[in-house]
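[1] Have a look at this fold, sequence not included:
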């Protein structure tokens, strides 16, 4: 079965997200203000967790993009990233003390994008594209 066009678009989104996360993680590591803030004893673990999270996100998004060679694990990884992205965005929104209108808009956009990705990946024809092709017996 040929790869649906939507899968290619989602793969490109995953690769762009990986690059943005990687650049963001690199900028965190090289930012002297960030390092100075998290060098104090009370915040050093938080800084390490932030850098680790950003760089791990970058690697996972790159793997999800690479898994679009119709590997079923790539589909599952992208669904996981969509669900975890919605969960983290929800937590961020809930923990915002005084949300602005832009917070409502960006949360809505994130939910819409991740929701469309998950919906698309659960469609029967897309799911079938990730299934291995049946082999014919030589009997």
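    Nice, I can see it. Treat the numbers as computed from the prediction; the structure is a model and nothing was measured.
[2] Mind picking out the helix or strand in this protein with the poorest mean pLDDT?
    helix 32-39 (a mean of 76; mean pLDDT, DSSP states H and E).
[3] which residues touch the one residue sitting closest to the centre of the chain?
    Most central in the chain under Cα atoms, centre = their mean is residue 81, positioned 4.4 Å from the mean C-alpha point. Residue 81 sits next to 14, 60, 61, 64 when contact means Cβ atoms under 8 Å, 6 or more residues apart in numbering. For the C-beta atoms, the positions are set from N, CA and C on the backbone; glycine is no exception.
[4] now with 7 Å?
    Neighbouring residues of residue 81 by Cβ atoms under 7 Å, 6 or more residues apart in numbering: 60, 61, 64.
[5] burial of the first one, as a residue count?
    Counted with other Cβ atoms under 10 Å, the burial measure for residue 60 works out to 19 neighbours.
[6] related to what we said a few turns ago, dump the contacts of residue 81 to CSV, plus pLDDT, secondary structure and distance to residue 93.
    Shown next, in CSV, are these (pLDDT from 0 to 100; DSSP: H, G, I helix; E, B strand; the rest coil; distance: Cβ to Cβ, whole Å):
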residue, pLDDT, secondary structure, distance to residue 93
60, 93, helix, 22
61, 93, helix, 21
64, 91, helix, 24
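[7] Would you mind putting the residues you listed into JSON lines with distance to residue 109 alongside?
    As requested, the contacts of residue 81 are exported to JSON lines (distance: Cβ to Cβ, whole Å):
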{"residue": "60", "distance to residue 109": "21"}
{"residue": "61", "distance to residue 109": "18"}
{"residue": "64", "distance to residue 109": "20"}
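[8] buried set for the lengthiest helix in the chain?
    Longest helix in the chain, counting residues (DSSP state H): helix 5-30. For helix 5-30, burial by neighbour count (16 or more other Cβ atoms under 10 Å) applies to 6-7, 10-11, 13-15, 17-18, 21-22, 25, 28.
[9] Residue 98: what secondary structure?
    Remark: residue 98 carries the secondary structure label coil [criterion: DSSP: H, G, I helix; E, B strand; the rest coil].
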